[in-house]
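Asker: Fold the following, please.
(2 chains)
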Amino acid sequence: METIRDLIPPPHIEGIKHFVDFASVDEILRSKDFRQGSHQESQPFFGDSLLTIDHDVHFERRRLQAPLFRKEALEYYEHEELLPLIERALEECKEASNGTGEIRTDLCALVRTMLARISAVTTGIDGVDTQERTDAFRTYIEQLGTGATVEWSTEDHTTVISRILEIREGFVEEFYAPSVERRKDLINQFRSGDLSEDDLPRDLLTLMYLHWNNDWDDELPLREATLYLVASSQTTTHAIPHLMIHLHEWFQEHPEDYEKRFNREFLKRAGHEAIRLHLPSPALLRIALRDVVLSSGVKILEGERVACLFTPANRDVKVFGEDARKFNPYRETQNVKPWGFAFGGGEHTCIGRTLVTGLSARTDNDDGTDGTLVNIAHALFNAGIELDPDDLPTYTELSHHDAYGRFPIILRNL
Amino acid sequence: MEKNNGYKLKIDPEICQGTAYCVRVAPDLFRVNQGATVDVIESNPAPEYEEQILEAATLCPTRAITY
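Answerer: Purely as a prediction, here's the structure:
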């Protein structure tokens, strides 16, 4: 089956300038002469969140949230939350196998289950504990993700927004509102001296209510939480199926590498390639704040909206070599992150990137965590993952995204 | 300035994208250079700068700072 596809620009970016080469996209993303231009239709879900604000206000919001991504926090998420959750999700698969040792399941749903709890912990959503509650929470994240990326939907956008706003009410009632109330109560106890700051939860919602800014509207924490819930699971959920199918093909063509499926350094490189080739956000828009002439000589007028197409830019042969369009876990890149624009660029570089790539990612020069991609891939190979030969993966038809909708797998070692 | 040999502050110039967030939170340690990226002023800062170092390293969108 075709595993590397070209980006077909969706309707919402038709009729504006497209930039497809790495250098131009990089220049635009770094420039302070542009502001965010994406997520216009998805404002009800992401409006005024970190993703859509710029410059000074972006800096202040990011500064508020940065403690969630300190090294010790990342180590806690990975070792105390992610790894046990991966094990638990596989254990639940094992229970469902009725002792046969072989289980058929869907990889997309399995990865979302593995990530649901860590999304809840970083965001500050309580009660994602039992399998039933985790399934309900996971379904809400999937639906919120559909609303938050409505620009890419192949369905009628107005219908999607209405439907997901209604679903969000259920999420608020079941998960969000009780979590916020508990945090407000804890913050009140802290302010009255009955609780120390160290006893407060360390999550997004606590930070926002603890450091409330009167410029914010009452629903902003919900939209910021939506960003965290969707983004913290979307990249990995999107990438793992691509990673698995590329490694499946790679091991067929390079059987001598099959033993490396448990090698974390190899998996890291493979993961970087998968997200380079298959970006969770394949294009972003920017609006010029003044007339700009790029190094290439291209002129952009003040107020003009332009599209940075990350998918072709991440396959630019000038940066990634003649085989840039192919998956190659041994690829060496100079002067750029191995995943290119998979996490954006400039001040809008994804704040949660290290959750996915780990602190040990190439070019980070740090250690302590391997990130969700490597840990989940490693666990899946331990569980004996194979593609189901009778039920091959299919791409989603609900979105223009380069994403699998179904990815049936067999786990043979459970 | 008292030296703290426990830290060796560095910026990877190939990763830095010049957002200069580090300059805002630690102006004694970082400065914007003529290439619109950032240089380290003091690579072996005093202990009282520990919090600024940790904040700058975490806040950097591209995580170009190591210490």
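Asker: what's near enough to touch residue A:216?
Answerer: With contacts taken as CB atoms under 8 Å, 6 or more residues apart in numbering or on different chains, residue A:216 has the following neighbours: A:48, A:208. All C-beta spots, glycine's among them, are computed from the backbone N, C-alpha and C.
Asker: where does residue A:52 fall, phi/psi-wise?
Answerer: With angles defined as degrees, to the nearest 10, residue A:52 sits at phi -110, psi 0.
Asker: now do residue A:391
Answerer: Torsion angles at residue A:391 (phi, psi; degrees, to the nearest 10) stand at phi -150, psi 80.
Asker: Show the pLDDT at the closest residue to it other than its chain neighbours.
Answerer: Distances taken as CB to CB, 6 or more residues apart in numbering or on different chains place residue A:408 nearest to residue A:391, at 4.2 Å, with adjacent residues excluded. For residue A:408, the model assigns a pLDDT of 97.
Asker: burial measure for residue A:408, as a count.
Answerer: Using other CB atoms under 10 Å in any protein chain shown as the criterion, residue A:408 is surrounded by 17 other residues.
Asker: and it, what are its bridge partners?
Answerer: Assessed by DSSP bridges, residue A:408 has beta-bridge partners residue A:106.
Asker: dump the residue contacts of it.
Answerer: The contact partners of residue A:408, taken as CB under 8 Å, 6+ apart, are A:104, A:105, A:106, A:107, A:387, A:388, A:391, A:392, A:393.
Asker: Would you list the buried entries among the residues you listed?
Answerer: The neighbour-count test (16 or more other CB atoms under 10 Å in any protein chain shown) marks A:105, A:106, A:107, A:387, A:393 as buried among the contacts of residue A:408.
Asker: Serialize the residues you listed to CSV and add fields for distance to residue A:219 and pLDDT.
Answerer: As requested, these are arranged in CSV below (distance: CB to CB, whole Å; pLDDT from 0 to 100):
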residue, distance to residue A:219, pLDDT
A:105, 36, 94
A:106, 33, 95
A:107, 34, 96
A:387, 42, 95
A:393, 37, 95
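Asker: what kind of secondary structure is residue 39 in?
Answerer: You didn't say which chain, so I picked chain A. coil (DSSP: H, G, I helix; E, B strand; the rest coil).
Asker: looking at chain B here, not the other one
Answerer: With three-state DSSP as the basis, the three-state label of residue B:39 is strand.
Asker: what about the residue in the stretch 151-300 of chain A that chain B sits nearest to, how many residues close to it?
Answerer: Checking the stretch 151-300 of chain A residue by residue against chain B with CB to the nearest CB singles out residue A:295 as nearest, at 12.5 Å. As a burial measure, residue A:295 scores 8 neighbours (other CB under 10 Å).
Asker: need the contact list for it.
Answerer: Residue A:295 sits next to A:23, A:24, A:27 when contact means CB under 8 Å, 6+ apart.
Asker: For the residue nearest the centre of chain B, name its beta-bridge partners.
Answerer: Among the residues of chain B, the smallest C-alpha distance to the mean C-alpha position (CA atoms, centre = their mean) belongs to residue B:30, namely 4.9 Å. Beta-bridge pairing for residue B:30 (DSSP bridges): residue B:40.
Asker: what sits against it?
Answerer: For residue B:30, the contacting residues are B:11, B:20, B:22, B:23, B:38, B:39, B:40, B:41, B:56, by CB under 8 Å, 6+ apart.
Asker: ok, now residue A:377?
Answerer: Contact criterion CB under 8 Å, 6+ apart gives A:240, A:243, A:244, A:247, A:267, A:270, A:271 as the residues in contact with residue A:377.
Asker: hmm, try it at 10 Å
Answerer: Under the criterion of CB atoms under 10 Å, 6 or more residues apart in numbering or on different chains, the contact partners of residue A:377 comprise A:236, A:239-240, A:243-244, A:247, A:261-262, A:264, A:266-268, A:270-271, A:274, A:370, A:385.
Asker: Can I have the buried ones of these as a PyMOL selection?
Answerer: Selecting only the buried entries of the contacts of residue A:377 in PyMOL, with 16+ other CB under 10 Å as the criterion:
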select buried, chain A and resi 236+239+240+243+244+247+261+264+266+267+268+270+271+274+370+385
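Asker: Can you flag which of the contacts of residue A:377 belong to strands?
Answerer: Secondary structure assignment by DSSP state E places residue A:385 of the contacts of residue A:377 in strands.
Asker: Can you flag the buried ones in the contacts of residue B:30?
Answerer: By neighbour count, with 16+ other CB under 10 Å, the contacts of residue B:30 hold B:11, B:20, B:22, B:23, B:38, B:39, B:40, B:56 as buried.
Asker: could you give me the average pLDDT of stretch A:224-241?
Answerer: Mean predicted confidence for stretch A:224-241 is 94.
Asker: ok, now stretch A:160-178?
Answerer: Mean per-residue pLDDT for stretch A:160-178: 97.
Asker: and it, which residues are buried?
Answerer: By neighbour count, and taking 16+ other CB under 10 Å as the criterion, the buried residues in stretch A:160-178 are A:160, A:161, A:164, A:167, A:168, A:171, A:172, A:175, A:176.
Asker: Identify the residue spatially nearest to the fifth one, adjacent ones excluded.
Answerer: Read it as residue A:168. Here the nearest residue to residue A:168 in space, its sequence neighbours aside, is residue A:144; by CB to CB, 6+ apart that works out to 6.5 Å.
Asker: Distance check, the one you found against residue A:284.
Answerer: 19 Å (CB to CB, to the nearest Å).
Asker: Over to residue A:189?
Answerer: Going from residue A:189 to residue A:284 by CB to CB gives 41 Å.
Asker: Show me which of the two is the more surrounded one.
Answerer: With neighbours defined as other CB under 10 Å, residue A:189 and residue A:284 compare such that residue A:284 has more, 24 against 14.
Asker: Tell me if I am right that residue A:118 is in a strand.
Answerer: No: inclusion of residue A:118 in a strand is not indicated when three-state DSSP is applied; the result is helix.
Asker: which residues are there in chain B that come within reach of chain A?
Answerer: Contacts of chain B with chain A, taken as CB under 10 Å from any CB of the partner chain, map to B:10, B:12-15, B:17-21, B:24-25, B:36-37, B:54-67.
Asker: In helices only, show me the residues you listed.
Answerer: In helices, judged by DSSP state H, the following of those are found: B:21, B:24, B:25, B:54, B:55, B:56, B:57, B:58, B:59.
Asker: okay, and for chain B, where does confidence drop off?
Answerer: Judged by pLDDT under 70, chain B has its weakly predicted residues at B:1-5.
Asker: Any idea which residue of it lies closest to chain A?
Answerer: Per CB to the nearest CB, the residue of chain B with the smallest distance to chain A is residue B:61, at 3.9 Å.
Asker: who's in contact with residue A:184?
Answerer: Counting by CB under 10 Å, 6+ apart, residue A:184 has contacts A:205, A:206, A:209, A:210.
Asker: ok, which of those also contact chain B?
Answerer: Among these, none lies close to chain B by the criterion of CB under 10 Å from any CB.
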